[in-house]
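> Here you go, sequence then predicted model.
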Amino acid sequence: MVSSDGRTNPMSRNVLRGFDKKAFAVARKAAGMSRGDLARLADTTAATIHNWEIGATSPQIDFLARAAKVLNIEIGDVVVTDPEQRYLSDYRCLVGLTQPQLGKVCGLTTTTITRIERGEIALTDKIAAALTAALGISEAQVKRAYLKAKHRPPGTPA
């Protein structure tokens, strides 16, 4: 995907599950930053930050990762999901990676990452090991999150 300034942006367009707009606004204010300052330092727009804080839009993980770095917070400080209810996509977001970025780290295509996150193809031991290393979680957590996606009711996003 190419942004308006001509840069290539490998980003996900999915809604970010568990984003806490109030916690994000509190973190920004605690850092003593205006929306404009944060936007400038995180290479986004003040309107984007405003829309996240009022809940009009959900952050894309790559943009949120940049903002979290500027604010000196962990993504998990503003993206809250029950550890027992996490999908692989939740773990990916918590480490600030898009699907293309995770694919690159694991030596997999974006399509493979997408299909694994949705539980649409088999999770091999090799892929589980790569995800374990990339996401910094146990193999048991990888397998549990995969099975959660695989056995979710039809129409439920993963």
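Everything's here; your move.

> first vs last residue of stretch 83-97, how far apart are they?
Stretch 83-97 has an end-to-end distance of 18 Å (criterion: Cα to Cα, to the nearest Å).

> helix/strand/coil for the spatially most central residue of the chain?
Centroid-nearest residue in the chain: C93, 2.3 Å away (criterion: Cα atoms, centre = their mean). Secondary structure state of C93, per DSSP: H, G, I helix; E, B strand; the rest coil, is helix.

> For E117, see how far away it is.
Distance of C93 to E117, given as Cβ to Cβ, to the nearest Å: 11 Å. C-beta: built from backbone N, CA, C; applies to glycine.

> what does D125 give?
With distances taken as Cβ to Cβ, D125 is found 18 Å from E117.

> For those two, indicate the residue with more neighbours.
E117 (23 against 9; other Cβ atoms under 10 Å).

> Quick check: the more buried one touching K150?
No. Judged on Cβ atoms under 8 Å, E117 makes no contact with K150 at a distance of 10.3 Å.

> Any stretches of this structure with poor pLDDT?
For the chain, the stretches flagged by pLDDT under 70 are 1-14.

> Any figure for the gap between the residue sitting furthest away from the middle of the chain and T48?
Using Cα atoms, centre = their mean, the residue of the chain lying farthest from its centre is G32. It sits 24.8 Å away. Applying Cβ to Cβ, the value for G32 to T48 is 20 Å.

> before we move on, back to that, the residue farthest from the centre of the chain: what secondary structure?
Strictly by three-state DSSP, G32 counts as coil.
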